[in-house]
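>>> What would the 3D arrangement of this be:
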Amino acid sequence: MIYTVTFNPSLDYIVSVEDFRLGLTNRTSSELILPGGKGINVSTVLGNLGLKSTALGFVAGFTGEEICREVEALGIKSDFIRIEKGVSRINLKLRSIEGTEINGQGPDISEEQVQQLMEKLEALEAGDILVLAGSIPSTMPDDIYSRIMKMLEGRGVKIVVDATRDLLMKVLEYRPFLIKPNNHELGEIFDVELTSREEVIPYGRKLQEKGALNVLISMAGEGAVLIAEDGQILESPAPKGTLVNGVGAGDSMVAGFLAGWLKRKDFRHAFHMGVAAGSASAFSEYLAKKEEIETIYQTLV
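Residues are numbered from 1 along each chain as shown. Reported below is the predicted structural model:
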């Protein structure tokens with residue numbers, strides 16, 4: 001079974017506003033409400049590719065109930081921990097001004113509730129896959145990723161980590177199956193600027209030397225690089241297409257890679273599936289569908 005963890009899920013309120021003006025009343029020309037969060041995005045694309053997963057995390061209040069309802073409507077099993085106080089966050093994403101969004105804070109999460117999550121994860125078995133994705137709320141311990149991985153160490157659970165800076169660096173000693181920094185995040189770790197596929201390779205290798213088995217580096221319009229545990233270094237330019245919505249493209253890449261790996265246990269196939277899924281989401285209004293991913297995949301092989 002595949003499990004995804006979204007520590008601070010959201011309802012994403014995605015709107016378009018024509019001729020947006022500060023200080024005035026603006027009206028939407030389109031709007032959409034979707035469950036949000038990196039782990040949920042991974043589960044959504046996995047589902048689109050025919051793979052079942054269970055979404056874990058924390059929810060609170062009426063927005064939390066709606067997140068659960070929306071997730072279940074997508075065909076994803078949810079096993080969220082419900083928090084009595086507060087509400088799950090609403091993230092406002094202004095589609096008509098690229099990259100403009102206002103993200104909420106989310107509820108406070110106690111140590112007792114963290115322990116409830118740990119108990120759920122302790123039930124994972126050999127052969128299971130766990131995806132830990134995204135930031136954590138400020139009320140949670142900053143070592144939560146490494147605590148989880150230490151608990152599951154030696155259990156035969158393949159763990160994927162999509163996080164930044166300290167969250168990522170602290171887990172490398174537990175040998176995650178896959179990490180997926182983008183080139184900017186990789187550059188921040190080593191205090192360098194990385195713009196080409198050739199430049200990211202030595203730094204991706206450094207993360208592999210520190211413990212990561214596979215390092216998948218997304219680079220938006222520059223494509224992607226995979227440094228695989230079997231020694232392969234695979235590169236791909238970005239598939240041709242028009243950027244429509246960059247939200248969730250990286251999460252889609254993780255889902256595509258996992259789907260490809262589980263089907264063939266072949267890194268080249270998994271890499272191309274990851275690139276195809278990430279690009280298909282970037283070229284679509286919503287997260288990528290199976291047919292969109294397969295169409296782009298055929299251009300890569």
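>>> is it true that L234 touches M273?
No: L234 is beyond contact range of M273, at 11.9 Å (criterion: Cβ atoms under 8 Å). Every residue, glycine included, has its C-beta placed from N, CA and C.
>>> and the two? which has more neighbours close in?
When L234 and M273 are compared on other Cβ atoms under 10 Å, the one with more neighbours turns out to be M273, at 29 against 16.
>>> so that one touches E294, yeah?
No: judged on Cβ under 8 Å, M273 makes no contact with E294 at a distance of 9.3 Å.
>>> For L124, list the residues it contacts.
If you count contacts by Cβ atoms under 8 Å, 6 or more residues apart in numbering, L124 has them with 3, 130, 152, 155, 157.
>>> could those residues go into a markdown table alongside distance to T54, pLDDT and secondary structure?
Compiled in a markdown table, those are given as follows (distance: Cβ to Cβ, whole Å; pLDDT from 0 to 100; DSSP: H, G, I helix; E, B strand; the rest coil):
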| residue | distance to T54 | pLDDT | secondary structure |
| --- | --- | --- | --- |
| Y3 | 5 | 97 | strand |
| L130 | 10 | 98 | strand |
| L152 | 15 | 96 | helix |
| R155 | 17 | 94 | coil |
| V157 | 13 | 96 | coil |
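>>> of all these, which comes closest to E222?
E222 lies nearest to L130 out of those, by Cβ to Cβ, at 29.1 Å.
>>> For that closest one, the count of nearby residues, please.
Counted with other Cβ under 10 Å, L130 comes out at 23.
>>> Next: G23.
Neighbours of G23 under the rule other Cβ under 10 Å: 5.
>>> Over to the one 10 residues further on?
Look at I33: counted by other Cβ under 10 Å, it has 13 neighbours.
>>> Which neighbouring elements make contact with the helix or strand where it lies?
Using DSSP states H and E, I33 sits in strand 30-36. The helices and strands touching strand 30-36, judged by 3 or more Cβ pairs under 8 Å, 6 or more residues apart in numbering; DSSP states H and E, are strand 10-16, helix 61-73.
>>> Serialize these to a markdown table and add fields for mean neighbour count, mean pLDDT and distance to R175.
Shown next, in a markdown table, are these (neighbours: other Cβ atoms under 10 Å; pLDDT from 0 to 100; distance: least, Cβ to Cβ, whole Å):
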| stretch | mean neighbour count | mean pLDDT | distance to R175 |
| --- | --- | --- | --- |
| strand 10-16 | 20 | 90 | 31 |
| helix 61-73 | 18 | 96 | 30 |
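>>> Can I get those in CSV including distance to Q298?
Putting the helices and strands packed on strand 30-36 into CSV (distance: least, Cβ to Cβ, whole Å) gives the following:
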stretch, distance to Q298
strand 10-16, 29
helix 61-73, 30
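>>> got the contact list for T6?
Taking Cβ under 8 Å, 6+ apart as the test, what T6 contacts is 37-40, 55-57, 133-134.
>>> Keep only those of these that are in helices.
Among the contacts of T6, the members found in helices (DSSP state H) are 38-40.
>>> so which of the residues you listed is the most crowded?
Among the ones in helices among the contacts of T6, the one with the most neighbours (other Cβ under 10 Å) is I40, at 30 neighbours.
>>> Kindly state the beta-bridge partners for the closest residue to it other than its chain neighbours.
Nearest residue to I40 in three dimensions, chain neighbours excluded: T6, at 5.1 Å (Cβ to Cβ, 6 or more residues apart in numbering). Applying DSSP bridges to T6 gives these bridge partners: G57.
>>> and the residue nearest to I102 when sequence neighbours are not counted, how far is that from K85?
The shortest distance from I102 to any non-neighbouring residue, by Cβ to Cβ, 6+ apart, is to L92 (4.4 Å). According to Cβ to Cβ, to the nearest Å, L92 stands 23 Å off from K85.
>>> next one: G211
Distance of G211 to K85, given as Cβ to Cβ: 38 Å.
>>> Next: F177.
36 Å.
>>> Quick check: which of the helices and strands packed on strand 30-36 is nearest to K170?
Among the helices and strands packed on strand 30-36, strand 10-16 sits nearest to K170 (Cβ to Cβ), with 24.4 Å.
>>> who's more crowded, F177 and K85?
Between F177 and K85, counted using other Cβ under 10 Å, the more crowded position is F177 (18 against 9).
>>> can you tell me which residues contact that one?
With Cβ under 8 Å, 6+ apart, F177 has these contacts: 129, 158-160, 213-214.
>>> Appreciated, that's everything.
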